[in-house]
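Student: Sequence and computational prediction follow.
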Amino acid sequence: MPHGTCLFRSTACQSILCDIRHYQEDAESIFRRKERFDQDRRDFYARTMVLFALTNRLMDLAREVSLIRGYISSEEQVKNKVFFKRLHDHGVISWEMRQQMIDLVNFRNQVSHHFYEVTRDDIEKVWQTMPVCSEFVSIMEQELASHDRVKKGMVIIAGTALILLVLVLLWYFS
């Protein structure tokens with residue numbers, strides 16, 4: 001599980017990444033705890049809700065990275081699954097990761113709209129995808145870092161061009 005700091009300029013991304021880390025830690029703690037018969041239902045709810053919250057924030061991260069990188073426009077009405085499809089289309093995530101993240105969207109929708117159908121097996125299946133979720137977060141952090149490097153490079157090039165223009169104008173008018 002990543003434990004780095006949230007260093008990106010986008011405050012939305014900072015907040016999302018910090019929330020994801022918090023939910024990952026909570027999930028580890030909750031799933032490590034042995035279920036007891038008298039707490040059976042509460043454990044089920046706790047596990048479901050922490051995975052639900054984590055899944056929501058993973059979708060938020062996919063949306064933010066897709067917006068920042070230009071894979072979607074802010075005017076576009078995009079369903080949650082499409083964020084992962086676009087990330088795959090742009091070569092950011094693999095087909096397998098795309099499908100696993102779409103499965104998480106399906107889990108989130110099931111919890112939201114058909115909670116009565118959620119089973120312990122569903123929860124365990126989602127819990128087993130946590131290494132993929134951690135890998136996804138790392139990839140999104142790399143995308144954000146790459147975007148920051150490109151922006152800094154463009155600023156340096158623009159600044160250099162401006163300085164050269166000023167020098168040429170000074171030389172021309174002297």
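Tutor: Everything's here; your move.

Student: Check which helices and strands the longest helix along the chain is in contact with.
Tutor: Ranked by residue count, the top helix of the chain under DSSP state H comes out as helix 130-173. In terms of contacts (3 or more Cβ pairs under 8 Å, 6 or more residues apart in numbering; DSSP states H and E), helix 130-173 is packed against helix 11-32, helix 40-69, helix 95-113. C-beta here means a position set from N, CA and C on the backbone, and glycine is covered the same way.

Student: make it 10 Å
Tutor: With contacts defined as 3 or more Cβ pairs under 10 Å, 6 or more residues apart in numbering; DSSP states H and E, helix 130-173 has these neighbours: helix 11-32, helix 40-69, helix 80-89, helix 95-113.

Student: Just want the angle from the shortest one to helix 130-173.
Tutor: When you say that, I think you mean helix 80-89. Counting by axes from the mean of the first three to the mean of the last three Cα atoms, to 10 degrees, helix 80-89 lies at 60 degrees to helix 130-173.

Student: related to what we said a few turns ago, can you check which of the helices and strands packed on helix 130-173 gets nearest to Tyr172?
Tutor: Checking the helices and strands packed on helix 130-173 against Tyr172 by Cβ to Cβ gives helix 40-69 as the closest, at 39.9 Å.

Student: quick one: average pLDDT of that closest one?
Tutor: Averaged across helix 40-69, pLDDT comes to 92.

Student: Next, the angle helix 11-32 makes with that helix.
Tutor: For helix 40-69 and helix 11-32, the angle between their directions (the same axes, to 10 degrees) works out to 150 degrees.

Student: And for His88, the neighbour number?
Tutor: Neighbourhood size, His88 [other Cβ atoms under 10 Å]: 18.

Student: Name the nearest residue to it, ignoring sequence neighbours.
Tutor: Nearest residue to His88 in three dimensions, chain neighbours excluded: Arg98, at 4.0 Å (Cβ to Cβ, 6 or more residues apart in numbering).

Student: show me the contacts for the one you found.
Tutor: The neighbours of Arg98, taking Cβ atoms under 10 Å, 6 or more residues apart in numbering as the test, are 81, 83-89, 92, 136.

Student: so how far is Leu167 from the most far-flung residue of the chain relative to its centre?
Tutor: Going by Cα atoms, centre = their mean, the residue of the chain most distant from its centre is Ser174, 54.6 Å out. Ser174 sits at a distance of 11 Å from Leu167 (criterion: Cβ to Cβ, to the nearest Å).
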